[in-house]
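Novice: Here's a sequence, model it:
(one chain, ligands or ions: 1)
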Amino acid sequence: MDKKALYNLSYGVFMVGTKSGDRKNGCITNTCIQVTNDPLRVAAAVINANYTAELIKESGMFTLSMLDKTVSFDTIKHFGFQSGRDVDKLANLTLPEDDNGIPYMGWSACAMLSCKVVDSMDLGSHTLFIAEITDAKVLSDKAPLTYADYQNEVKPKPAKVDSEKKIVGWKCKICGYVYEGSELPKDYSCPICGHGPDDFEPVYA
Ligand code: FE
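Specialist: You can find the predicted model right below:
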C-alpha cells in the first residue's frame, strides 16, 4: 500500500486550541470537516496520545483555526511536533481567545471556529469529536492552506543522500532523534515523534 495516496485527500490544516481549567494547549491537525449545517456542526479527529485530546475530553471545548498559506514550518513545528505535556506551547505567545477563553491563532490563520463538543467516539488512534459551532470569525483574506500545500510547499523536502560518503545513522529532522544504522527501514517511524523516513536525514561517518 502506498500511503502517499492519502496526501491527495483535500483536507485543510488546522490549529486546534483548547483549555481545561487553567491548562491551555494547541496542536495541528488536518482531520476536520463541517458535517452539518442545521444544526451547524463540525467533526474533528484528534490523536488520543495528544495532550489536546485529553483537555478537550475534560472541557468539551475547542477552537479550530484554519491556517493560511503564509504559515511557516516553524509554526507547524511549534504546535505540531512537540507535546504540551513537555512544554507550555503558549508560554511565550499572546494568542487571542474566544468568548470561552479558548486560544486561537493570532497569525497565519484566515478564519476560526469556536466549538462545543456534543458527542465523541474513540476510533483507536484518534477520538472523533462532533461539535456545535458556537462562534465563527473571518481573520484575513488569505487563502487557506490545504494538506497538499503543506506536503508540497511547507514541509521540508526529503534530504538528498551523498552516495560517496558512508552513512552511519539517520537523524529525524523534526525532533532530532538519531537511528543508528546505515539503512533506515522503509516503514520506519520515529519512536519520539512518529514521523516517517521522509523526515530523516543521513548522518555521515
Ligand atoms: Fe522524530
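
Novice: Cys32: what's its closest spatial neighbour, skipping adjacent residues?
Specialist: Ala44 (4.4 Å; C-beta to C-beta, 6 or more residues apart in numbering). In short, each C-beta sits where N, CA and C put it, glycine included.

Novice: So that neighbour is in contact with Ile28, correct?
Specialist: No. Ala44 is beyond contact range of Ile28, at 12.0 Å (criterion: C-beta atoms under 8 Å).

Novice: Please enumerate the helices of this protein.
Specialist: 51-59, 73-80, 147-149 (DSSP state H).

Novice: tell me which residues in the first one are buried?
Specialist: Which is helix 51-59. Neighbour counts over helix 51-59 (16 or more other C-beta atoms under 10 Å) mark 51-57, 59 as buried.

Novice: so which of those comes closest to the ion?
Specialist: Closest approach between those and the ion, by C-beta to the ion: Tyr51, at 17.2 Å.

Novice: So that closest one sits against Gly84, correct?
Specialist: Yes. If you go by C-beta under 8 Å, Tyr51 and Gly84 touch, sitting 3.7 Å apart.

Novice: list the residues that contact both of these two?
Specialist: 25, 27 (C-beta atoms under 8 Å, 6 or more residues apart in numbering).

Novice: how about the nearest residue to Val71, chain neighbours excluded?
Specialist: Closest to Val71 by C-beta to C-beta, 6+ apart is Ser108, at 4.0 Å.

Novice: no wait, Glu180
Specialist: Gly169 (4.8 Å).

Novice: residue contacts, the residue lying farthest from the centre of the chain?
Specialist: Within the chain, the residue lying farthest from the chain centre (C-alpha atoms, centre = their mean) is Glu164, at 36.4 Å. By C-beta under 8 Å, 6+ apart, Glu164 lies in contact with nothing.

Novice: how much space between it and the ion?
Specialist: Glu164 is 27 Å from the ion, where distance means C-beta to the ion, to the nearest Å.

Novice: Against Ser182, how distant is that residue?
Specialist: According to C-beta to C-beta, to the nearest Å, Glu164 stands 14 Å off from Ser182.

Novice: again, but for Ile33
Specialist: When Ile33 is compared with Ser182 (using C-beta to C-beta), they lie 42 Å apart.

Novice: do Met61 as well
Specialist: From Met61 to Ser182 the distance is 49 Å (C-beta to C-beta).

Novice: More neighbours: these two, which one.
Specialist: Met61 (21 against 12; other C-beta atoms under 10 Å).

Novice: hang on, the more buried one packs against Lys19?
Specialist: Yes. Counting by C-beta under 8 Å, Met61 touches Lys19, with 7.3 Å between them.
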